[in-house]
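> What follows is a predicted protein model with its sequence.
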Amino acid sequence: MLRTFEKLEDVPEALREHYKLIQGKFVPELSDDHPVLVTNKNLLNEKTAAETKANGLESQVSTLKADLESAKASNLPRGHRAVTVADAESIDKLKPHGTVQEIETKLAAYKALKEESETRKTADHLKKVAKLLEYSEDAFALLPGLPEFEIRTVEGKDTVIAKIKGENNVITEKPAAEFIESAPNIAPLLPALKVASTGIRVPEQQRDLGKGAADDPITKRNQEREEARKTNPNPLMARPVIAGAGAAATK
């Protein structure tokens, strides 16, 4: 069993390299993962936690005692507090708006509505910017990483300026078109944005005029002539009606 020594000379020479001086005594040097040191460390942590908890409880007790003494001095029942006139008036003004929980719910709804309004305002602004730059408005508003845009009137013409935030929040301004065409995350999308802005539509995107083929008067007249041809071989009856043709073409 290793023991402690008062002097280094008392430590056996073969063991001296394993001893160190701590608080005036030469004690065996142990590794950090030695069970004794690990247990000692755990005990110290538990002691610190217990002292912290005890200090917190003492603080709570002190606060409760102070509240109790204050209540006794002011003749207020337990659970009541004396408030300033201004605070009392504020409470009276809030009471008509509901309970605390109801007011908190209203404030949360107002916050959500305000955020939604700001989002819509930002989207509308981006659509206006896209219109000035001749891009698809809906697609442009969805682009990621867009900076703040400002619309300025220069010599009677609206101009879009991009405000780019750099290091230390330093703002650099440049024409919006120049920024967009040089932005690596936006430039590849420009051809699609510009094509969309020209109004070109592929066949499946063309709108239905709201009338079926059977309701079209020219188609209907041709169908009637086809039926007549089947019952009457007169070739004049089989002549189809052509849209835009004159009266002579339909006789």
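Nice, I can see it.

> Quick one: distance of the longest helix seen in the chain to the chain centre.
With secondary structure taken from DSSP state H, the chain has its longest helix at helix 35-74. Helix 35-74 has its average C-alpha position 41 Å from the chain's average C-alpha position, going by CA atoms, centre = their mean, to the nearest Å.

> try stretch 107-124
That offset, for stretch 107-124, works out to 12 Å (CA atoms, centre = their mean).

> any idea of the mean pLDDT in that stretch?
Mean pLDDT, computed over stretch 107-124, is 87.

> Then stretch 180-194?
79.

> Repeat that for stretch 93-104.
Rounded mean pLDDT across stretch 93-104 is 86.

> give the contact list for Pro175.
Thr159, Val160, Ile161, Ala162 (CB atoms under 8 Å, 6 or more residues apart in numbering). Yep, even glycine has a C-beta here, placed from its N, CA and C like the rest.

> Which other helices and strands does the longest strand along the chain contact?
In the chain, with assignment by DSSP state E, the single longest strand is strand 157-165. Packing partners of strand 157-165 (3 or more CB pairs under 8 Å, 6 or more residues apart in numbering; DSSP states H and E): helix 100-133, strand 148-154, strand 171-175, helix 176-182.

> Go ahead and measure how far it is from the middle of the chain.
24 Å.

> Same question for stretch 34-54.
On CA atoms, centre = their mean, the centre of stretch 34-54 falls 44 Å from that of its chain.

> State the mean pLDDT of stretch 134-153.
Per-residue scores along stretch 134-153 average to 83.

> First-to-last residue distance for it?
End-to-end distance for stretch 134-153: 17 Å, by CA to CA, to the nearest Å.

> Residues contacting it, please?
123, 125-133, 158-165, 176, 179, 183, 185-186, 189, 192-194, 196-197.

> The same query, at a cut-off of 6 Å, please.
123, 126-127, 129-131, 158-164, 176, 185-186, 193, 196-197 (CB atoms under 6 Å, 6 or more residues apart in numbering).

> One more: stretch 16-29?
Looking at what lies outside stretch 16-29 - CB under 6 Å, 6+ apart - the contacts are Leu2, Thr4, Phe5, Leu8, Val11.
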